[in-house]
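> quick one, fold the following:
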Amino acid sequence: MIIVPKTRGFICLTSHPKGCEQNVKNQISYVKSKGAINGPKKVLVIGASTGFGLASRITSAFGSNAATIGVFFEKPSAPGKPASPGWYNSAAFEQQAHEAGLYAKSINGDAFSTEIKQQTIDLIKADLGQIDLVIYSLASPRRTDPVTGITHNSTLKPIGEAFTNKTVDFHTGIVSEISIQPANEEEIENTIKVMGGEDWEMWIDALKAENLLAPGATTVAYSYIGPLLTEPVYRKGTIGRAKDHLEATAFTITDKLKDLNGKAYVSVNKALVTQASSAIPVIPLYISLLYKIMKEKGIHEGCIEQIQRLFQDRLYTSKEIPTDEKGRIRIDDWEMREDVQHKVAELWEQATTETLPAIGDLKGYSTDFFNLFGFEVPGVDYNADVNEVVEIAGIQN
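Residues are numbered from 1 along each chain as shown. As a prediction, this is how the structure comes out:
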């Protein structure tokens, strides 16, 4: 079939297998171009099919020749129905890994569930023995607690008072004002249940109980802080509370790993175009201004550049891992540079529908968004018939 992008709001309803494959190949090429990393050898990536999780799996495999197990929840393809992009990404990754002689298997299912944790444990026992790096990169709007059976939904709201600021519809380029009402206590608690550190800790507890964590094992979860501009709706809002919980959980997990000489970290990453960030009001406008500035300064990074630098310059450097005063790894350091943030704040005041094409990089934002789904990728013939039915070689059912 010929597959074209079909969008509804900040969601693309279709994805392109060849575009996703090319994206994965491009990321692999980038990691290889940066040279070998003296990094992990047996890696579990929870949330492995898109964004930072996919980049972590690629960097582990093609930067350190690591065996990888990826856990994700993606929609497989069917005749006449394209798969979700994460399915195509994972199929392409596994094909490339296997061709390179690397171990790679995947588990598709709800990572929050006890069943998927057990399935992962069984696979590690059977194939790898122990894991030396666990990446936790889940992005989900809801979570069913495996203990209580209650399903919790996250919300994106400020806390305390309503938030009003500019935003942009990146499809049309129209800049408008948006107001978001504050969250109540139940919404705050639900967001923490979904996006906080509880499930990360459950994963590490389950792996440790089965003696599947190698001596000196590291685990990393991903977070974001962002600028003062987005603080009311992000870092000081419901998601921020969840991120606070996630970051506190790193210390709890580190205590639990002391007997293994293991450590848990939270890496604070750069603002990037993801399905999740596209849904956050204010963020698309901020990113379009940020991209323009960082590209002009020659310091712009996408997911793979961020994670390759995280592995090479932070996690697997010969020196002690550098952290901030709260124990977090800061790979958002270039985004948060004073000269960059000063310029963003300056342009923010000028941003209107009329001025944005000149002062922002809305085209770059839009391209990155469609790239997530395998569209607008250079070198792909979108007029050609493609087979939408793609299998993942190492999928575990």
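> now do the strands in the protein.
Assigned by DSSP state E, the chain shows strands spanning 7-8, 11-12, 42-46, 67-72, 104-108, 131-136, 142-144, 151-153, 163-169, 174-180, 213-223, 263-268, 329-330, 395-396.
> low-confidence stretches in the stretch 101-250 of the chain?
Along the stretch 101-250 of the chain, no part satisfies pLDDT under 70.
> before we move on, the earlier item: rebuild the strands of the chain as CSV, extending it with mean neighbour count and distance to H342.
C-betas here are computed from N, CA, C, even on glycine. Formatted as CSV, those follow (neighbours: other CB atoms under 10 Å; distance: least, CB to CB, whole Å):
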stretch, mean neighbour count, distance to H342
strand 7-8, 10, 34
strand 11-12, 16, 34
strand 42-46, 26, 36
strand 67-72, 27, 39
strand 104-108, 23, 44
strand 131-136, 24, 33
strand 142-144, 17, 38
strand 151-153, 15, 37
strand 163-169, 19, 18
strand 174-180, 14, 21
strand 213-223, 21, 24
strand 263-268, 23, 20
strand 329-330, 21, 18
strand 395-396, 16, 48
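> in TSV, list those along with distance to E186.
Shown next, in TSV, are those (distance: least, CB to CB, whole Å):
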stretch	distance to E186
strand 7-8	28
strand 11-12	26
strand 42-46	27
strand 67-72	29
strand 104-108	31
strand 131-136	25
strand 142-144	14
strand 151-153	10
strand 163-169	19
strand 174-180	17
strand 213-223	23
strand 263-268	26
strand 329-330	32
strand 395-396	37
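> of all the ones you listed, which one comes closest to T352?
Nearest to T352 among the strands of the chain is strand 174-180; the distance by CB to CB comes to 5.4 Å.
> so which elements touch that closest one?
Judged by 3 or more CB pairs under 8 Å, 6 or more residues apart in numbering; DSSP states H and E, the packing partners of strand 174-180 are strand 163-169.
> sheet partners, orientation included, of the strand it packs on?
Here strand 163-169 is paired, per DSSP bridges, with strand 174-180 (antiparallel).
> pull the CA atoms of the partner strand into CSV?
C-alpha atoms of strand 174-180 as CSV (Å, rounded to 0.1, in the frame of the first residue of the first chain):
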residue,chain,number,x,y,z
ILE,A,174,-1.0,30.0,14.5
VAL,A,175,0.2,31.4,17.8
SER,A,176,-2.6,31.8,20.3
GLU,A,177,-3.2,32.2,24.0
ILE,A,178,-4.1,29.2,26.1
SER,A,179,-5.4,28.9,29.7
ILE,A,180,-5.2,25.7,31.8
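> between the strands of the chain, which one is nearest to E231?
E231 lies closest to strand 163-169 among these, at 9.5 Å (CB to CB).
> which residues in the stretch 201-350 of the chain form helices?
238-256, 275-278, 283-296, 303-310, 338-350 (DSSP state H, counting those that start in this stretch).
> which other helices and strands contact the first one?
Okay, so that is helix 238-256. Counting contacts by 3+ CB pairs under 8 Å, 6+ apart, helix 238-256 packs against helix 185-195, helix 198-209, strand 213-223, strand 263-268.
> and the first one, how far from the chain's centre?
When you say that, I think you mean helix 185-195. 20 Å (CA atoms, centre = their mean, to the nearest Å).
> before we move on, the earlier item: any chance of the helices of the stretch 201-350 of the chain in JSON lines, plus mean neighbour count and distance to K125?
Listed next are the helices of the stretch 201-350 of the chain as JSON lines, based on neighbours: other CB under 10 Å; distance: least, CB to CB, whole Å:
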{"stretch": "helix 238-256", "mean neighbour count": "20", "distance to K125": "20"}
{"stretch": "helix 275-278", "mean neighbour count": "19", "distance to K125": "33"}
{"stretch": "helix 283-296", "mean neighbour count": "23", "distance to K125": "41"}
{"stretch": "helix 303-310", "mean neighbour count": "23", "distance to K125": "27"}
{"stretch": "helix 338-350", "mean neighbour count": "14", "distance to K125": "46"}
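> quick one: which of those is nearest E388?
Of all those, helix 275-278 comes closest under CB to CB, at 19.9 Å.
> so what touches that closest one?
By CB atoms under 8 Å, 6 or more residues apart in numbering, the residues outside helix 275-278 that reach it are F10, I11, T50, A139, F170, A271, I283, P284, I287, F369, L372.
> quick one, grab the pLDDT at the last one.
Right, the one you point to is L372. In the predicted model, L372 carries a pLDDT score of 95.
> quick one: contacts for it?
So L372 contacts C12, T50, P85, V273, T274, Q275 (CB under 8 Å, 6+ apart).
> tally of neighbours for the nearest residue to V24 once chain neighbours are set aside?
Nearest non-adjacent residue to V24, counting by CB to CB, 6 or more residues apart in numbering: A92, 4.0 Å away. Look at A92: counted by other CB atoms under 10 Å, it has 24 neighbours.
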